[in-house]
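Enquirer: can't give you the sequence, but here's the structure:
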């Protein structure tokens, strides 16, 4: 079996990147290794844990289940684009800090990107909707309650 | 970098995609949503030599009503789009009820109905639903096209009637009829996990309140999606009663051949199939009575 390479042009967090990628390079590894955007975490690498969630053309997807070659001509947003700068966190991040929504932080980037897309579509969610939206992101530290609290608070902050 | 090496080709046209599949046959796989295929490639359980990406073929996405009785769903239609479409609940209530059970939102954002059906996982929801609804599948190759009844499409675990050069291009599902009700229920250890057992059923009553037709499909109850024919036929001809529902549940338990796993023994799966069949039939019949 032979592999081949492809020239891709991908917009990531507003910046355009041109790279040559091997066919079998996963989008998650492309972001981390080729673009050095290591904010996207890689957990299970088969679509179960949600740690690698990014926003692809406006929707939350598992970046470990897509190929870098598939991103040619598309736009990706990663956790690096959430905060305006080092001093100003995004309301989602602020709320996670205020509610103690993370401990080890490994799952956090995936949760933030999942919830960014979700809150844009559902700005006034109830707790059940938040839990359903979070169902595809595993967290082994928090027991989820503080993440749910953080998301309720973030939704409120984003509305005001 | 997890998958074994392969050649990636983003198809520009359907004709090109079909020509490539005709050329490479079993060595090539179509890439739709990739939510089942890519995990198996990451584990190297699947090692295609050629991956034909059909995501650029947007004409394969979307639904269209072909007549008063049925809806055609393009193979590349993503589950999230069906979920967002208010028409789904109206026209395909069984599908609408099952959608939230299919994995998680991020998976449904990418996952397609065609990819899900062609993957033919017996534990998956949609194969059982299309079998329960007596749907049909249109497949295409460079040799032409043909329709395959859902009941004949699934031939085993992860195996379908698709020839090496064929692509599943659309599914045809019958629209909900008057005086009919549908219900989907499953038991999974966690929301979004594969079902230990899932039941998809439809009930249609006649003008006098007798059951005209019932169909019961099950997922994770054998090596392919199961249509419980004896149980389905046992309900027709009379108003649905508790005794009949109990009998249908027993017939379902006899018709299935669950594999058992560390999460649920065969006996437990069979027990669940009986309980869920009863509950789903009661609910579907209630809904049918409301739809006058």
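Expert: Structure's in. What do you need? None of these values were measured; they are calculated from a predicted model.
Enquirer: In chain A, what residue lies closest to chain B?
Expert: residue A:136 (2.7 Å; C-beta to the nearest C-beta). Backbone N, C-alpha and C define where each C-beta goes, glycine included.
Enquirer: Would you check that that residue makes contact with residue B:192?
Expert: Yes: between residue A:136 and residue B:192 a contact is recorded at 6.3 Å, counting by C-beta atoms under 8 Å.
Enquirer: mind listing the helices for the stretch 51-200 of chain B?
Expert: Remark: helices assigned in the stretch 51-200 of chain B by DSSP state H, counting those that start in this stretch are B:79-84, B:86-91, B:93-98, B:105-110, B:113-119, B:125-132, B:150-153.
Enquirer: Tell me the residues of chain A that contact chain B?
Expert: Within reach of chain B by C-beta under 8 Å from any C-beta of the partner chain, chain A has these residues: A:1-4, A:6, A:22-26, A:29, A:45-47, A:50, A:53, A:59-62, A:64-67, A:69-70, A:72, A:114, A:118, A:132-133, A:135-136.
Enquirer: Out of these, list just those in strands.
Expert: With strands taken from DSSP state E, the overlap with these comprises A:6, A:22, A:53, A:59-62.
Enquirer: With neighbour count as new columns, can these be given to me in a markdown table?
Expert: Converted to a markdown table, these look like this (neighbours: other C-beta atoms under 10 Å in any protein chain shown):
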| residue | neighbour count |
| --- | --- |
| A:6 | 18 |
| A:22 | 18 |
| A:53 | 33 |
| A:59 | 16 |
| A:60 | 27 |
| A:61 | 27 |
| A:62 | 33 |
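Enquirer: just checking, residue B:94 touches residue B:131?
Expert: No: using C-beta under 8 Å, residue B:94 is not in contact with residue B:131, being 11.3 Å away.
Enquirer: Up against chain A, what does the stretch 51-200 of chain B have?
Expert: Residues of the stretch 51-200 of chain B that fall close to chain A, judged by C-beta under 8 Å from any C-beta: B:51, B:53, B:55, B:80, B:100, B:103-107, B:109-110, B:190-192.
Enquirer: Among those residues, which one lies nearest to chain A?
Expert: The nearest one, if we look at those relative to chain A and count by C-beta to the nearest C-beta, is residue B:104, at 2.7 Å.
Enquirer: so where is chain A shaky, pLDDT-wise?
Expert: In the predicted model of chain A, residues A:1-2 satisfy pLDDT under 70.
Enquirer: Apart from its neighbours in sequence, what residue is nearest the residue of chain A closest to chain B?
Expert: Leaving aside its sequence neighbours, residue A:136 sits nearest to residue B:104 (C-beta to C-beta, 6 or more residues apart in numbering or on different chains; 2.7 Å).
Enquirer: wait, what's in contact with that neighbour?
Expert: By C-beta atoms under 8 Å, 6 or more residues apart in numbering or on different chains, residue B:104 lies in contact with A:50, A:135-136, B:192.
Enquirer: before we move on, what about residue A:21?
Expert: By C-beta under 8 Å, 6+ apart, the neighbours of residue A:21 are A:5-6, A:8, A:30, A:34, A:68-69.
Enquirer: which residues pair with residue A:22 across the strands?
Expert: Per DSSP bridges, the residues bridged to residue A:22 are residue A:5.
Enquirer: Distance check, it against residue B:4.
Expert: From residue A:22 across to residue B:4, the span is 12 Å (C-beta to C-beta, to the nearest Å).
Enquirer: Same check on residue B:141?
Expert: 26 Å.
Enquirer: cool, residue A:126 as well?
Expert: Noted for residue A:126: a distance of 45 Å to residue B:4, by C-beta to C-beta.
Enquirer: Kindly report the same for residue B:283.
Expert: 46 Å.
Enquirer: of those two, who's got more company?
Expert: The neighbour comparison of residue B:283 against residue B:4 (other C-beta atoms under 10 Å in any protein chain shown) goes to residue B:283, with 18 against 15.
Enquirer: which SSE is the more buried one in?
Expert: Element membership for residue B:283, per DSSP states H and E: helix B:266-290.
Enquirer: What residues of that helix count as buried?
Expert: Of all the residues in helix B:266-290, those buried under the rule 16 or more other C-beta atoms under 10 Å in any protein chain shown are B:268-270, B:272-274, B:276-281, B:283-285, B:287-288.
Enquirer: go on, stretch A:48-58?
Expert: Within stretch A:48-58, the residues scored as buried using 16+ other C-beta under 10 Å are A:48-56.
Enquirer: Repeat that for stretch B:69-84.
Expert: For stretch B:69-84, a neighbour-count test (16+ other C-beta under 10 Å) marks B:70-83 as buried.
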